[in-house]
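Undergrad: Pasted the sequence and its predicted model underneath.
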Amino acid sequence: MNFSTKPNNFFIPVKEKWWDRFTSQAHQLYFTSAIFFAITVMVLTFISFLGKIPLEFSLIHSFGLNYAVFTNAFLGFLITVIPKYNASEVISKNRYLISWFSFQIGVVLSLIGFPILGKIIVSFTMFYFVKIFYEIIKKGRIPNKKDSIFINLVFLFGAIFLLLEVVFQTNLSLLIFFAYLISLVFLVALRMVPAFYSAYMQIAQWEKPKYIREISVTIFLILGLSLEFELQIVKIVTFIAMVFFGYIVFKLNIYKKTPAIISILVLSFIWFEIGFIILFIESIFNLYSLKLALHIFALGFVTTLLIGFGSRVVMGHAIPAQRIVADKLTIFIFVLTQIVVLSRITASILFLENSNIFMGFLHLSSMLWIVLFLIWSFRYARTLLRIEK
């Protein structure tokens, strides 16, 4: 809050403008955009199911979720934590605010019918952040910078693959999803979730193998390439991924009872391994299950983490000293997230059984997703937008 020094008004507080409050922290901008597009993209997806309006499903659903929703959300998170990871100076408001505008413009242009221009803008905005993160990592005062280096590398993959879509006029959604999005989210979760758990339980974290990041990123990249281009090695790669990541999930040993704000994050790792098990089964039996494994990753792993991290970050940054505890409504939101996952799984199972009601559950999962983010907005929008009471 500012203070006026004019005569007769000495030290009278001047109310800070809403826009200044809202833009004072990067996560508020990017999380707000992510929530807005989470609702908008799924509404458009639902409309495309009905077939009343000609919409390009792949663009809306794949690009919309990968970049408009998930990249927006995790970019807001990275702008905050990359400087902390490296004991470096924070990213200035001018740098993240201008980039926020350009990123949203690119997303909107892509969704309203100008995908080439829109994707180029989104891609180059991501390249800009890769440069910023590189500078922060380089100037950082901590000796071990591996987490940040690999997170930035994978973020670079997301920019490159999107640009390649434009250059070659092709759809690389599977490559983007596994080699970029899942890889990025896994690296972030692997660092943050065990840290939250060990801090609460007052126990030492599992000492991760030396080359865990290198191996993980390589597997995700090969997996994305194998699935995207239907390579013969896909069965071998999915088996290796299932075993390797199953070992990691087991060795983390983070499964004792904890408060909801932690257990929701831990649950995402269970869905993560279930996703690999289903992906292996799909590849072995050549099952077309409406991309069941992919949606377990997207909903069970990424969305669960998004809701968990998002709730935690908003609560923590609203009043930094406050105790971060999930209230009853937040716990309901966590439960509803899992109902969304289960409804989407049910749709795929019914499809495999040639049941005529699979579309009903497909529509249900879409509607529940919208309800989920509307309720989350109801609970956290005032805090996120910095609207004073």
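TA: Looks like it arrived, so ask away. Residues are numbered from 1 along each chain as shown.

Undergrad: Measure how far the helix or strand encompassing Thr330 is from the centre of its chain, please.
TA: For Thr330, the host element (DSSP states H and E) is helix 328-352. How far helix 328-352 lies from its chain's middle: 17 Å, per CA atoms, centre = their mean, to the nearest Å.

Undergrad: cool, and stretch 150-170?
TA: 16 Å.

Undergrad: Only the buried residues of that stretch, if you could.
TA: Across stretch 150-170, burial judged by 16 or more other CB atoms under 10 Å covers 150-166. (Each C-beta comes from the backbone N, C-alpha and C, glycine too.)

Undergrad: Out of these, list just those in strands.
TA: Per DSSP state E, strands hold no members of the buried residues of stretch 150-170.

Undergrad: that older thread, could you tell me the average pLDDT over the helix holding Thr330, please?
TA: For helix 328-352, mean pLDDT rounds to 97.

Undergrad: Going by contacts, tell me the helices and strands next to it.
TA: Using 3 or more CB pairs under 8 Å, 6 or more residues apart in numbering; DSSP states H and E as the contact criterion, the elements in contact with helix 328-352 are helix 260-285, helix 292-295, helix 304-318, helix 358-384.

Undergrad: and of those, who's closest to Thr170?
TA: Evaluated with CB to CB, the helices and strands packed on helix 328-352 place helix 292-295 nearest to Thr170, the distance being 18.3 Å.

Undergrad: For the closest one, which outside residues touch it?
TA: Contact with helix 292-295 is made by Leu174, Phe177, Gly275, Phe276, Ile278, Leu279, Glu282, Val341, Arg344, Ile345, Ser348, Ile349, as judged by CB atoms under 8 Å, 6 or more residues apart in numbering.

Undergrad: Any of those buried? List them.
TA: The buried subset of those (16+ other CB under 10 Å) comprises Leu174, Phe177, Gly275, Phe276, Ile278, Leu279, Glu282, Val341, Arg344, Ile345, Ser348.

Undergrad: What is the nearest of those residues to Leu252?
TA: Taking CB to CB as the measure, Leu252 sits nearest to Phe276 out of the buried ones among the contacts of helix 292-295, at 14.9 Å.

Undergrad: buried sites along the helix holding Thr330?
TA: 330-331, 333-334, 336-338, 340-341, 343-348, 350-351.

Undergrad: how far off helix 260-285 does it point, in degrees?
TA: 10 degrees (axes from the mean of the first three to the mean of the last three CA atoms, to 10 degrees).

Undergrad: Check the gap between Phe334 and Pro259 for me.
TA: To Pro259, Phe334 is 11 Å away according to CB to CB, to the nearest Å.

Undergrad: what sits in contact with each of the two?
TA: Residues touching both Phe334 and Pro259 (CB under 8 Å, 6+ apart): Ala326.

Undergrad: How far off centre is stretch 86-93?
TA: That offset, for stretch 86-93, works out to 21 Å (CA atoms, centre = their mean).

Undergrad: what's stretch 48-64 in contact with?
TA: Here stretch 48-64 has contacts from 37, 40-41, 44-45, 47, 110-111, 115, 119, 171, 173, 176-177, 359, 362-363, 366, using CB under 8 Å, 6+ apart.

Undergrad: Could you write out the alpha-carbon coordinates of that stretch in PDB?
TA: Output in PDB follows, covering the C-alpha atoms of stretch 48-64 (Å, rounded to 0.1, in the frame of the first residue of the first chain):
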ATOM      1  CA  SER A  48     -17.900 -30.200 -31.100                       C
ATOM      2  CA  PHE A  49     -19.300 -33.500 -29.800                       C
ATOM      3  CA  LEU A  50     -22.800 -32.300 -30.600                       C
ATOM      4  CA  GLY A  51     -21.800 -31.500 -34.200                       C
ATOM      5  CA  LYS A  52     -24.000 -28.500 -34.500                       C
ATOM      6  CA  ILE A  53     -21.200 -26.100 -35.200                       C
ATOM      7  CA  PRO A  54     -18.100 -27.000 -37.400                       C
ATOM      8  CA  LEU A  55     -15.200 -26.900 -35.000                       C
ATOM      9  CA  GLU A  56     -11.700 -28.500 -35.400                       C
ATOM     10  CA  PHE A  57     -11.700 -31.000 -32.500                       C
ATOM     11  CA  SER A  58      -8.000 -31.700 -32.500                       C
ATOM     12  CA  LEU A  59      -7.000 -28.000 -32.500                       C
ATOM     13  CA  ILE A  60      -9.500 -27.200 -29.700                       C
ATOM     14  CA  HIS A  61      -9.000 -30.200 -27.500                       C
ATOM     15  CA  SER A  62      -5.300 -31.000 -28.000                       C
ATOM     16  CA  PHE A  63      -3.800 -27.600 -28.500                       C
ATOM     17  CA  GLY A  64      -6.300 -26.000 -26.200                       C
END
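
Undergrad: any idea of the mean pLDDT for it?
TA: Mean predicted lDDT for stretch 48-64 stands at 86.

Undergrad: What residues sit buried inside that stretch?
TA: Neighbour counts over stretch 48-64 (16+ other CB under 10 Å) mark Ser48, Leu55, Leu59, Ile60, His61, Ser62, Phe63, Gly64 as buried.

Undergrad: Can you tell me which of these end up in helices?
TA: Residues of the buried residues of stretch 48-64 located in helices (DSSP state H): Ser48.

Undergrad: And the buried residues of stretch 48-64, which is closest to Ser88?
TA: Nearest to Ser88, judged by CB to CB, of the buried residues of stretch 48-64 is Phe63 at 31.8 Å.

Undergrad: pLDDT score for Lys131?
TA: 98.

Undergrad: Which of the three states applies to it?
TA: What DSSP: H, G, I helix; E, B strand; the rest coil gives for Lys131 is helix.

Undergrad: Now do the strands in the stretch 1-150 of the chain.
TA: Ranges of strands in the stretch 1-150 of the chain, per DSSP state E, counting those that start in this stretch, are 2-4, 12-14.

Undergrad: ok, Phe70 - how many residues close by?
TA: For Phe70, the count of nearby residues is 26 (other CB atoms under 10 Å).

Undergrad: Report the contact partners of it.
TA: Ala34, Leu181, Val185, Val302, Leu306.

Undergrad: Redo these as TSV? Include pLDDT, distance to Val130 and neighbour count.
TA: Below are the contacts of Phe70 laid out as TSV (pLDDT from 0 to 100; distance: CB to CB, whole Å; neighbours: other CB atoms under 10 Å):
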residue	pLDDT	distance to Val130	neighbour count
Ala34	98	19	23
Leu181	98	16	26
Val185	98	17	23
Val302	98	21	27
Leu306	97	22	25
